[in-house]
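Enquirer: Kindly generate the corresponding structure for this input.
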Amino acid sequence: MENNKAIETHSENPTWNNLHDRILIYEKILEISDDGFLIVDRDGTIIEMNKAYLEFLELKKQNVIGRHVTDVILNSKLGEITKSGREDVNVVHKLASGQSPNKDKYVIVTRAPVSDGNKVIAAVGQIKFTRNALDIAAKLKAMDDEVQYYRKELERFVGSKYSFQSMIGESAPFNEAIRIAKKAAKSDMSVLLTGETGTGKEVFANAIHYDSERKNRPIIRINCAAIPAELMESELFGYAEGSFTGAVKGGKKGKFELANGGTVFLDEIGDMPLTMQAKLLRVLQEKELEKVGSSETIPVDVRIISATNQNLEDMVRNGTFREDLYYRLNVIRVEIPPLRVRMDDIELFVEAFLADLNEKYDTDVSISEDALKVLKQYKWPGNIRELKNVIDRSYSLVDDSIITFSQLPKTILVKNRLPVLMKAGKTLPDLVDDFEKEILISYLEKNSYNCVKTAEELGIHRATLYNKIEKLNIKIRD
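Expert: Just a heads-up that it's a prediction; the model follows:
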């Protein structure tokens, strides 16, 4: 039926029905082809030779048309095809001595008769030149070499960026987490990363993946808290065409299928709805999935790394997390310590963050000892993410290439110093005065004790600043 439709389409096309137009089309095909084409009549007389073949033989068209094929191609078999009616497909043809000015010795030839009913009226030969094939092969090899080069460079870049070696920290709790994570990378078992928000769970997931046998396959991150419950199944497992209104034509692959052979990172797994937990468990047990709207099963081979800042054991007891899924995910557990128990690593993070910013913006910003001391005493409820935010903010406010008290967020200064001041047993007015004195000294130092500039930056009148300096007994340096 489809062939009949094609014939009907051709019959309705005036260009295709016009013999002159069709000849022009075929002539253009022969002209632009890189392969040689030779056509003889039933007596072996050459009636057509295309441009590529003429150039290969260094002949002119007017000197070959009308001659017998063996007068031009000394050992041609094309004349025999009209008599035998056989076809030769991709056979090696040795050129007669001196036949090829290009020193080629062989070509690849396909020969076939042209019949009108039961009567052979001509024969066609298609010639593939070995030199062209070698040139194409050389180009393909060069392209493949380039692809392999960039692939290795990408692997090197990704590997260095997400490797265990690139992770920052020297404290004992951090090193213990690294030790377990490295062991996890050498197996294919499920890994559960636990830790507070901002501790670097995704960094650990990437490091485990890129240190594993799956490093050349994708790692697909799924944030279970960010996907609406009604869309989660189609996001994870995909959907078939027509499965719901608005579905993409041809359907869509889910993240599990996209990660086939690699790793699925289930971030914030504690926020996955119970109904999806059951479906996820089935996929992990059966190693196959069904798209939404389809009954066809698709095998998948993925390694699961999940992460949470919630207490899954409590959730299991409360019935909000499936116990069987919990044990399936919690084969190897890596507990990532919060920043407050690895305070020795804060300076390393600060140096690394500033180095990145200095390289990006071609600057040479550093941090003062006093400001660094404040950062080391703060408890960091937001962990590494909060620390990076503070450094980025402070960097953007710096004036003299040194981050001081005045660039640090006031919330950190208050939370950091208030407990110290309170231990002195002072009254509230005294506490306020002491804290205000520290802030004023910080701003004065930053502005080289320029009171006009300090007052402007604090948003107060210069006379008010002088009164506070006198009241708080602040010594102004020359």
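
Enquirer: which secondary element of this structure has the worst mean pLDDT?
Expert: helix 2-12 (a mean of 50; mean pLDDT, DSSP states H and E).

Enquirer: what's the closest non-adjacent residue to the most centrally placed residue in the chain?
Expert: Closest residue to the average C-alpha location of the chain: Pro218 at 7.8 Å, with CA atoms, centre = their mean. What sits nearest to Pro218 in space, not counting adjacent residues and going by CB to CB, 6 or more residues apart in numbering, is Gly262, at 4.3 Å. No exception for glycine: its C-beta is placed from N, CA and C like everyone else's.

Enquirer: same thing with Cys451?
Expert: Per CB to CB, 6+ apart, closest to Cys451 is Leu465, 5.7 Å.

Enquirer: Doesn't His93 lie inside a strand?
Expert: Yes. Under DSSP: H, G, I helix; E, B strand; the rest coil, His93 falls within a strand.

Enquirer: neighbours around it, how many?
Expert: Close neighbours of His93, defined as other CB atoms under 10 Å, add up to 18.

Enquirer: List the contacts of the residue nearest to Pro218.
Expert: By CB atoms under 8 Å, 6 or more residues apart in numbering, the residues touching Gly262 are 209, 214, 217-220, 302-303.

Enquirer: how many other residues sit next to Ser442?
Expert: 21.

Enquirer: What score does it have for pLDDT?
Expert: Looking at Ser442, its pLDDT is 76.

Enquirer: for it, phi and psi?
Expert: In terms of degrees, to the nearest 10, the main-chain angles of Ser442 are phi -60, psi -50.

Enquirer: what does the one 4 residues further on give?
Expert: When quoted as degrees, to the nearest 10, the phi and psi of Lys446 stand at phi -60, psi -40.

Enquirer: I figured it was touching Ser406, is that so?
Expert: Yes. In this structure Lys446 lies within contact range of Ser406 using CB atoms under 8 Å: 4.3 Å.

Enquirer: any idea how far the residue nearest to Cys451 lies from Ala52?
Expert: 88 Å (CB to CB, to the nearest Å).

Enquirer: Number of residues surrounding Thr363?
Expert: 13.

Enquirer: Okay, buried residues for stretch 396-410 please.
Expert: For stretch 396-410, burial by neighbour count (16 or more other CB atoms under 10 Å) applies to 398, 403-408.

Enquirer: Now do it: distance from first to last residue.
Expert: 15 Å (CA to CA, to the nearest Å).

Enquirer: before we move on, back to that, contacts only, for the residue nearest to the centre of the chain.
Expert: 258-259, 261-263.

Enquirer: Might one say that Asp370 is in contact with Thr404?
Expert: Yes. Counting by CB under 8 Å, Asp370 touches Thr404, with 7.0 Å between them.

Enquirer: shaky segments in the stretch 351-478 of the chain?
Expert: 414-426, 428, 431, 477-478 (pLDDT under 70).

Enquirer: quick one, strands of the stretch 151-300 of the chain?
Expert: 191-194, 219-223, 238-239, 252-253, 263-267, 288-290, 297-299 (DSSP state E, counting those that start in this stretch).

Enquirer: where does Asp364 fall, helix, sheet strand or coil?
Expert: With three-state DSSP as the criterion, Asp364 reads coil.
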